[in-house]
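K.L.:
starting from these lines, generate the structure:
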Amino acid sequence: VKCSHESAGKKKGTGGAKIGNAHLKWAFSEAAIHFIQYNPPAKKLKDNLAIVHGKGKAIGIIAHKLARAIYYMLKNNVPFNLEKFMATA
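P.N.:
Predicted coordinates:
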């Protein structure tokens, strides 16, 4: 569904055309939940983000960070670095 952006009766365009791959969003959200469950620093990060954004959005933020980290790992052929991941928080 595309939403229209209009003001004072003038159409300014549409938004929300590119939402992303729902399957990847689900997969990274599941990965983030397990990452948080078995990693105390990540749990603390989630708790801090949940204060500001709420629990669901906090998990989404961590899932997005995890996706970027995995892309970096695959692109540069390097192992996961927890210290670097937590430093960007």
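K.L.:
on the three-state scheme, the residue nearest the centre of the chain is what?
P.N.:
Per Cα atoms, centre = their mean, the C-alpha nearest to the average position across the chain is that of His64, at 2.3 Å. Using DSSP: H, G, I helix; E, B strand; the rest coil, the structure places His64 in helix.
K.L.:
does it touch Phe28 like I think?
P.N.:
Yes. Counting by Cβ atoms under 8 Å, His64 does reach Phe28; the two are 7.3 Å apart. Quick note: C-beta positions are derived from backbone N, CA and C, even for glycine.
K.L.:
contacting residues around the residue nearest to the centre of the chain?
P.N.:
Going by Cβ atoms under 8 Å, 6 or more residues apart in numbering, His64 touches Phe28.
K.L.:
and the pLDDT at it?
P.N.:
As predicted, His64 sits at a pLDDT of 94.
K.L.:
report the separation between it and Ser7.
P.N.:
Distance, His64 to Ser7, by Cβ to Cβ, to the nearest Å: 30 Å.
K.L.:
do Ala31 as well
P.N.:
Counting by Cβ to Cβ, the gap from Ala31 to Ser7 is 40 Å.
K.L.:
more neighbours: the two, which one.
P.N.:
Taking neighbours as other Cβ atoms under 10 Å, Ala31 and Ser7 compare with Ala31 leading, 15 against 7.
K.L.:
chain neighbours aside, what residue packs nearest to that one?
P.N.:
Sequence neighbours aside, Leu66 is the residue nearest to Ala31 in space, at 5.9 Å (criterion: Cβ to Cβ, 6 or more residues apart in numbering).
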